[in-house]
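S.K.: got a sequence here, can you build the structure:
(2 chains)
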2 protein chains.
Amino acid sequence: MTLNYAKRMDNIKASEIRELLKLTQKPEVISFAGGLPAPELFPIEELKRISKEVLEENGTAALQYGPTEGYGPLREKIAERMAKVHVDISPNDILVTSGSQQGLDFSAKIFINPGDIIICESPSYLGAINAFKAYEPKFIEIETDDEGMIMEELEEALKNNDNVKFIYVIPDFQNPSGKTWSTDRRKRLVELANRYNIAIVEDNPYGELRFEGEILPAVKHYDTEGRVIFLGTFSKIFCPGLRLGWVVADKEVLNKFIMVKQGADLQSSTISQMEVAKFLETYDIEKHIEKIKDVYRKRRDLMMKTMEEEFPKEVKFTYPNGGLFTWVVLPENINARELAVKALENNVAFVPGGSFFPNGGNENTFRMNYSNMDEERIVEGVKRLGVAIKEMMGDTIKETI
Amino acid sequence: MTLNYAKRMDNIKASEIRELLKLTQKPEVISFAGGLPAPELFPIEELKRISKEVLEENGTAALQYGPTEGYGPLREKIAERMAKVHVDISPNDILVTSGSQQGLDFSAKIFINPGDIIICESPSYLGAINAFKAYEPKFIEIETDDEGMIMEELEEALKNNDNVKFIYVIPDFQNPSGKTWSTDRRKRLVELANRYNIAIVEDNPYGELRFEGEILPAVKHYDTEGRVIFLGTFSKIFCPGLRLGWVVADKEVLNKFIMVKQGADLQSSTISQMEVAKFLETYDIEKHIEKIKDVYRKRRDLMMKTMEEEFPKEVKFTYPNGGLFTWVVLPENINARELAVKALENNVAFVPGGSFFPNGGNENTFRMNYSNMDEERIVEGVKRLGVAIKEMMGDTIKETI
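M.R.: Numbers count the residues shown, from 1 in each chain, chains lettered A, B, ... in the order given. Just a heads-up that it's a prediction; the model follows:
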């Protein structure tokens, strides 16, 4: 029996990374593959206290249906905290979602007809690419430098295509590249979007995890006409297991998100929302974030240092000032998927970079995560990886000879 | 500024019921409008104990990302419990979703191209209709009698339309009609779906809440070729606030659901899944369901009795053997939306029936929920409603004269 599926299903493939991640579950594997936060930092004791209190104080409401928009006191807290990225909004500008992944899915659902264009950074977050693909878009990838998208390329793309629906960006410690946009580039992005009447989807899961310097104003901060949709999440500053994120958007756009949310799953978990709201009332999340940053900063430092020592000098990588990832570019003739197989034989895992390019290519790249492994494993894993890279480069040289 | 949205958004309107439900939040309103379970039956004390245990025993896993398919031990428990509706499956046949609403959204996402046909009962669940509409289907409504869809009408529809993608049914205590399909009709439904190679989406949120007689085998029980997709939920037998449901489907179809889930929100809440799994291990959910049934049965009885006493004899309504709803048919010239306004002036609410018909019409119908109001309020509310109906019928007679 073969059922007759929708055309969009041709676009949705099982992620090879998902299969890879299954292999990396084994305890002997040193995995730089996932984007997992460090579980030893989860506020378990605090949550034990809070979940009891929520059930004691308001158990029937916590277990009942709630409004699609989200739990009022949580929306208030999120609105307050948006000041950290220089965005001044009210709770009514917020929809609570099931992780920011849901915000990505909804963005495409709201804007994309088959064949419409999404502009994104090259490379871009593969979870977003996969979510968008269900709505059958075309992608235009824009190159980035150390300040963000190259504006001339972006303008060229906007000028030459009349069915661009939105520009998707991760301006802070981008997944996968680890790069951050300058404030100037953020401003110019909004100006271009204004000129061509395009929406911007700003995905910001890591912005608060800055190890050096000041947190930059979000692209949303520069939004003069209400066209920036900001996606936030508690996954990286609190924990991902509760699946809570949020969308900030202007009234008209937010109403679309709310209607779509209602059809998609009615609402996000009432009790989880009440728990996070209570955590934000009871504890100092800024202190908690400082703790996370201290740990990740050390891990970033160690990974950078060890990569410098152990990787051949032909191998380039970014130096991220925050977030969870660095991005490695191998010599062009080295295939990172082949390297991944070789590395896995030595119980080290990473994500080959090809999947982060919606239009393909760039198979000589890979993404490294440093948040989820302790320091000893970071050193050992990078060392093994260095050996594997050198072997492959040696093999290639031999082949060339 | 007006952004350029996807065509599908023309199909998605804010539900007028949602506005109605906001009005019914006031404590003085006796509401038969929602589909809310009785919150006084939520297992709050049990959950307090369990959430502490889950965090103590396995806190880091509970707060971390988990597999898209769902938490293994929960899938095992769900697979076991499917025996109650005579469905024999393994945990691998299950995807955990964020409520069965998400299963509805995914069903349309997987099968529906714009213009494709969904066949449903007339009336059908409005939350499903709204979820489906985002994928721009056409609907064919099939009349039902006391045994389910009229098979001759269904076959006619299948014969005359070659782009029917699935048949959506709620065979047990249907929302909104309160009706239940006979076993014979379930079998014949599968036979017809086999003959025309159509999928069936079986939505079963209320099947276990049967007040009299034996629980019937699900349509999925009669599935000979793996074309029935079964949607279940913990919302009505446990609580809705955790947002947990599940999909049962054959491997090929389930894989589509898993891929779609990954793009939509990665996974459902890890900690909530672990809590429900532990509840099912620790406590006797069957006993808990008995408690729910005892309360709802009494409320059903009281609503039926009071409606018989207080409604004019021209008003017809179903006698549900389970579930949460009864369905009222007024004389054809009485508009239930007008009645709703009148009733709300007297602080009584219900949902006008028109929205449950995807192709419109039937404005002389409405849905009554009996699970969420205590016995005193049921009697008082139905009495007030009886007065309002009589007044409207009187007015109409006067107008006719």
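
S.K.: which parts of the stretch 51-200 of chain A sit against chain B?
M.R.: Residues of the stretch 51-200 of chain A lying close to chain B by Cβ under 8 Å from any Cβ of the partner chain are A:51-52, A:55-56, A:59-66, A:68, A:97-99, A:101-102, A:105, A:109-113, A:116, A:127, A:130-131, A:133-135, A:165, A:197, A:199. No exception for glycine: its C-beta is placed from N, CA and C like everyone else's.

S.K.: any quick ChimeraX command for the buried ones out of those residues?
M.R.: Buried residues within these, by 16 or more other Cβ atoms under 10 Å in any protein chain shown, are selected in ChimeraX with:
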select /A:51,52,55,59,61,62,63,64,65,66,68,97,98,99,101,102,105,109,110,111,112,113,116,127,130,131,133,134,135,165,199
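
S.K.: now A:Phe311: closest residue in space that isn't a chain neighbour?
M.R.: A:Gly386 (5.2 Å; Cβ to Cβ, 6 or more residues apart in numbering or on different chains).

S.K.: distance of that neighbour from B:Phe356?
M.R.: Going from A:Gly386 to B:Phe356 by Cβ to Cβ, to the nearest Å gives 64 Å.

S.K.: so for these two, which sits in the more crowded spot?
M.R.: Each of A:Gly386 and B:Phe356 has its neighbours counted (other Cβ atoms under 10 Å in any protein chain shown); B:Phe356 has more, 28 against 17.

S.K.: hmm, back to that, assign a three-state SS to the residue nearest to A:Phe311, would you?
M.R.: Classification of A:Gly386 using DSSP: H, G, I helix; E, B strand; the rest coil returns helix.

S.K.: and for A:Lys342?
M.R.: helix.

S.K.: where does it land on pLDDT?
M.R.: The score at A:Lys342 is 94. That number is its pLDDT.

S.K.: now do the one 4 residues further on
M.R.: As summarised for this prediction, A:Asn346 has a pLDDT of 95.

S.K.: ok, it touching A:Gly386?
M.R.: No: using Cβ atoms under 8 Å, A:Asn346 is not in contact with A:Gly386; the gap is 10.9 Å.

S.K.: run the chain-centre distance for stretch A:47-62.
M.R.: Distance of stretch A:47-62 from the chain centroid (Cα atoms, centre = their mean, to the nearest Å) equals 30 Å.

S.K.: what of stretch A:42-53?
M.R.: Worked out by Cα atoms, centre = their mean, stretch A:42-53 lies 26 Å from the chain centre.

S.K.: residues in contact with that stretch?
M.R.: A:238-239, A:271, A:275, A:278-279, A:282-283, A:288, B:48, B:51-52, B:55-56, B:59-60, B:63-64 (Cβ atoms under 8 Å, 6 or more residues apart in numbering or on different chains).

S.K.: for A:Gly361, grab the count of nearby residues.
M.R.: 12.

S.K.: now do the same contact list for it.
M.R.: With Cβ under 8 Å, 6+ apart, A:Gly361 has these contacts: A:Gly354.

S.K.: gap between it and chain B?
M.R.: 22 Å (Cβ to the nearest Cβ, to the nearest Å).

S.K.: before we move on, what about A:Asn369?
M.R.: Taking Cβ to the nearest Cβ, one finds A:Asn369 at 12 Å from chain B.

S.K.: that residue and A:Ala33 touch, don't they?
M.R.: Yes: with contact defined as Cβ under 8 Å, A:Asn369 counts as touching A:Ala33 (6.7 Å).

S.K.: where do the contact lists of the two overlap?
M.R.: A:Phe350.

S.K.: distance check, the closest residue to chain B within the stretch 301-401 of chain A against A:Ile30.
M.R.: Here the stretch 301-401 of chain A gets closest to chain B at one residue, A:Asn372, 9.4 Å apart by Cβ to the nearest Cβ. Going from A:Asn372 to A:Ile30 by Cβ to Cβ gives 10 Å.

S.K.: ok, the two, which is more surrounded?
M.R.: For A:Asn372 and A:Ile30, the more surrounded residue by other Cβ under 10 Å is A:Ile30, and the numbers stand at 25 against 21.

S.K.: name the nearest residue to the more buried one, ignoring sequence neighbours.
M.R.: Nearest non-adjacent residue to A:Ile30 (Cβ to Cβ, 6+ apart): A:Gly381, at 3.6 Å.

S.K.: state the helix or strand in which that neighbour lies.
M.R.: According to DSSP states H and E, A:Gly381 maps onto helix A:375-400.

S.K.: now A:Phe238, nearest residue through space, not along the chain?
M.R.: A:Val276 is the one closest to A:Phe238 (Cβ to Cβ, 6+ apart), at 6.6 Å.

S.K.: okay, that neighbour: pLDDT?
M.R.: Model confidence at A:Val276 (pLDDT) stands at 98.

S.K.: look at the residue of the stretch 301-401 of chain A closest to chain B and give its secondary structure.
M.R.: coil.

S.K.: the residue lying closest to it once chain neighbours are set aside: what's it in contact with?
M.R.: Nearest residue to A:Asn372 in three dimensions, chain neighbours excluded: A:Leu36, at 4.3 Å (Cβ to Cβ, 6+ apart). Neighbouring residues of A:Leu36 by Cβ under 8 Å, 6+ apart: A:Pro240, A:Asn369, A:Ser371, A:Asn372, B:Gln64, B:Tyr65.

S.K.: name the nearest of these relative to A:Met392.
M.R.: A:Asn369 (21.1 Å; Cβ to Cβ).

S.K.: can you get me a residue count around the closest one?
M.R.: Neighbours around A:Asn369, by other Cβ under 10 Å: 24.
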